[in-house]
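S.K.: Generate coordinates for the sequence data below:
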Amino acid sequence: ERVQATARAVSDLAQTYELEPVGADRLFNYARHFARGRRDYANGEFFDELDLKIIESTLNGEHTRALTARINLADSLRALGDLAGARKLNEQTLENLERVLGSEHPNTLKAKNNLAEILQDLGDLDSARKLHEQTLEIRERVLGGEHLDTLVSRNNLAATLRYLGDLAGAQKLHEQTLEIQGRILGDEHPDTLLSMNNLAWT
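M.R.: As a prediction, the model looks like this:
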């Protein structure tokens, strides 16, 4: 909590003296994670914007750090309910990531997953389903069926199927996810319990 105020002061100095992003970038990220962990999404967005501003002032706008900062900011906008802003920023970032890093890079897949969730929030379930299916297919092929990111994609696709009314399809995916998590993480891990809850809800 004490560092939050310090981080705000540092932001003024970093911009006034046009500092390199190395230290400030790290500080703003810590402050952002702390704010998001407390559900303080307004402060999370504040530090996300600072992080992106200082990175873009010294690095190319398509630098991987700048693209990561945009993913974080889009995530904060979504948490604050600015779905239109989050969608626009995420779509732009995803396009850049696919061009710079390729369609199978972890950061690209994270952005694609996030965009799918935004589309689901906006009620565009068919588009969300398509993106979740693409992300899951790539993660299964590149990372393996039991990687944690793959499990996230499988769970997210199952949720979208449930909203679309495909309860049998959702049940199958939730059962697969639960079986793997129970074996890898243990029956009392929070992620396993979340999958158990999702399966019961379906």
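S.K.: Contact partners for residue 169?
M.R.: Neighbouring residues of residue 169 by Cβ atoms under 8 Å, 6 or more residues apart in numbering: 158, 161. C-betas here are computed from N, CA, C, even on glycine.
S.K.: Sticking with it, tell me its helix or strand.
M.R.: If you go by DSSP states H and E, residue 169 is part of helix 167-184.
S.K.: pretty sure residue 176 contacts residue 153?
M.R.: No: Residue 176 is beyond contact range of residue 153, at 11.6 Å (criterion: Cβ atoms under 8 Å).
S.K.: who's more crowded, those two?
M.R.: Neighbours were counted for residue 176 and for residue 153 using other Cβ atoms under 10 Å; residue 153 has more, 27 against 16.
S.K.: separation between the closest residue to the more buried one other than its chain neighbours and residue 152?
M.R.: For residue 153, ignoring the flanking residues on the chain, the nearest one in space by Cβ to Cβ, 6 or more residues apart in numbering is residue 136 at 4.1 Å. From residue 136 across to residue 152, the span is 9 Å (Cβ to Cβ, to the nearest Å).
S.K.: neighbour count winner among those two?
M.R.: Higher neighbour count among residue 136 and residue 152: residue 136, with 24 against 18, using other Cβ under 10 Å.
S.K.: Tell me the pLDDT of the more buried one.
M.R.: Listed pLDDT for residue 136 reads 97.
S.K.: Now it: which helix or strand?
M.R.: Counting by DSSP H and E, the element that carries residue 136 is helix 125-142.
S.K.: Tell me which helix or strand comes right after that helix.
M.R.: Using DSSP H and E, the next helix or strand after helix 125-142 towards the C-terminus is helix 148-164.
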